[in-house]
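Q: just to be clear, the model below is a prediction. Sequence and coordinates:
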Amino acid sequence: MLGVMCGLAAGAWLGAAEAPAKLVTIGLSPFLISLAMVTGVFVARWTLPTLMKGTGYIFLDLREKPHLIVWAVLAGAIWAVANTLTVFAIRDVGISIAFPLWNTNSLVGVFWGWFFFRELRGADWSGWAKVVGGALAIVTGATLLGYASSHGGTSISAHATTGIPAALGAGLLWGTMYIPYRKAYLSGMNPLSFVTVFTVGELVTVSTLALVFRGGFAPLLEEVGRARPALFWLFLGGFCWVLGDLFQQYAAKYIGIGRGIPLSNTNQLWGLAWGALVFGELAGSSSKGLVFGGSLLMIAGALGISTSVAGSRERSSQQEAMERECQRYGLRIEELTAALAGEDPLAEKVGARRAWDVPILLGAVGIFVWLAIGTERPPIAMNLAWVAALLVPSLLLLGACGWLLWKRTKFS
């Protein structure tokens, strides 16, 4: 239940995080938008772990599992490239079209979960039927959406040849990114520790992309200055993404990437809602039926995959994957088993919080306050009633799942 709830909450906040990327439609560079969002992600991914567990806990977790640091940095680099591609996709085909296309990452995640981590090995016929049927539904839904974007009679179709490959490329990269995720949790690492290092790979990669493709430091700095009134919204989008990604990490930890990632991909429903209801992306389109039908079909496929519960033979197979990690890196199987059951073997080894935890938290709040000063409302048509209607259930999921994680695992 905890993994499923985290997957649903991840969907809500990952969907909301993409709304600020609509600023690309007013002329901001996709590289600038990605850089600003990732900088917001960097701030949030140090702030939330510090608030929940403290830096002493994070550093001890990393010292005990140093082999995972390079995997976390690699995952962050992959994420940064994928996120930049999503901004191009949103610019060219809109949120409501791009979201379902890049959520084909669930297919990639299911494959890697089976190939590397023995997920679904030993599953009965009903489990395989749900996974295969769900995969087919996702592919069919993506095909419908691709057809709708190319024959919709709107401005979307004019850029479909670039927007669709960008969205599908992001899906491929994000699906591959889940390999380090699962490797970390089969090694007993706390998701909060993993994302702290993950964000280093993100920031370095997206900064490099921005410098290379925007002509160097001076032109990039000038572009940042022109975008100053919109930076707060991009940082806020990065913060929302961290909330969603943390829930997604916990879902991957407790029910695996083959089930947790498709469930978190209900973010496509939220993306469709933000694009169609808040920004009116489908106004005047002649293919609304295909868009909604394709989205619902993909959601049904993702839910079908996520409801495939692991049986005893599959759990035994996954135990073998854990034992392999223990033998390879000298870990203790008892601690790994306890960590995957929601316990926190590391907590007893950590002393009092560090003196610098409070300055880190205050510094993060100060950055957001500074950015909020002088911020202007984006010159984009928005339906504020629908903004409020979408934020209320998102906040309810945040509160309920945050409380459930604390009560059951103390954010382990």
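A: Yep, it's here.
Q: residue ranges with poor pLDDT in the stretch 1-150 of the chain?
A: Low-confidence regions of the stretch 1-150 of the chain, defined by pLDDT under 70, span residues 21-27, 95-96, 142, 145-150.
Q: and the host helix or strand of residue 291, how far out from the chain's middle?
A: Secondary structure from DSSP states H and E places residue 291 in helix 288-306. Put simply, helix 288-306 sits 19 Å off its chain's centre (Cα atoms, centre = their mean, to the nearest Å).
Q: quick check: which helices or strands does the helix or strand just after it pack against?
A: Next helix or strand after helix 288-306 toward the C-terminus (DSSP H and E): helix 312-329. Identification of packing neighbours for helix 312-329 by 3 or more Cβ pairs under 8 Å, 6 or more residues apart in numbering; DSSP states H and E yields helix 105-117, helix 160-186, helix 333-340. Backbone N, C-alpha and C define where each C-beta goes, glycine included.
Q: could you pull up the mean pLDDT of helix 312-329?
A: Average pLDDT, helix 312-329: 80.
Q: and that helix, what's buried?
A: Within helix 312-329, the residues scored as buried using 16 or more other Cβ atoms under 10 Å are 314, 317-318, 321-322, 325-326.
Q: contacting residues for the residue positioned nearest the centre of the chain?
A: In the chain, the C-alpha nearest the mean C-alpha coordinate belongs to residue 245, at 4.1 Å (Cα atoms, centre = their mean). Residues near residue 245 by Cβ atoms under 8 Å, 6 or more residues apart in numbering: 10, 14, 195.
Q: check what contacts stretch 56-67 and list those residues.
A: Contacts for stretch 56-67 (Cβ under 8 Å, 6+ apart): 49-50, 68-69, 184, 187-190, 192-193, 196-197, 329, 331, 346-347, 349-354.
Q: report the buried members of the residues you listed.
A: 49-50, 68-69, 184, 187-190, 192-193, 196-197, 331, 346, 350, 354.
Q: give me the subset of these lying in helices.
A: If you go by DSSP state H, the buried ones among the contacts of stretch 56-67 have 49-50, 68-69, 184, 192-193, 196-197 in helices.
Q: what is the rounded mean pLDDT of the host helix or strand of residue 363?
A: Using DSSP H and E, the element containing residue 363 is helix 357-372. If you average the pLDDT over helix 357-372, you get 89.
Q: helices and strands around that helix, which ones?
A: Helices and strands touching helix 357-372, by 3+ Cβ pairs under 8 Å, 6+ apart, are helix 30-52, helix 231-255.
Q: next, the buried residues of the helix holding residue 291.
A: Result for helix 288-306 [16+ other Cβ under 10 Å]: buried residues 290-299, 301-306.
Q: ok, of those, which one's closest to residue 381?
A: residue 291 (19.2 Å; Cβ to Cβ).
Q: that closest one reaches residue 272, doesn't it?
A: Yes: Residue 291 lies in contact with residue 272 (Cβ atoms under 8 Å); the separation is 7.5 Å.
Q: returning to that earlier point: which residues does the helix holding residue 291 contact?
A: 4, 7, 96-97, 100, 103, 106, 110, 130-131, 133-138, 140-145, 147-148, 152, 255, 258-260, 262-263, 265-266, 268-269, 272, 276, 282, 285.
Q: residue 307 and residue 3: what is the separation?
A: Applying Cβ to Cβ, to the nearest Å, the value for residue 307 to residue 3 is 12 Å.
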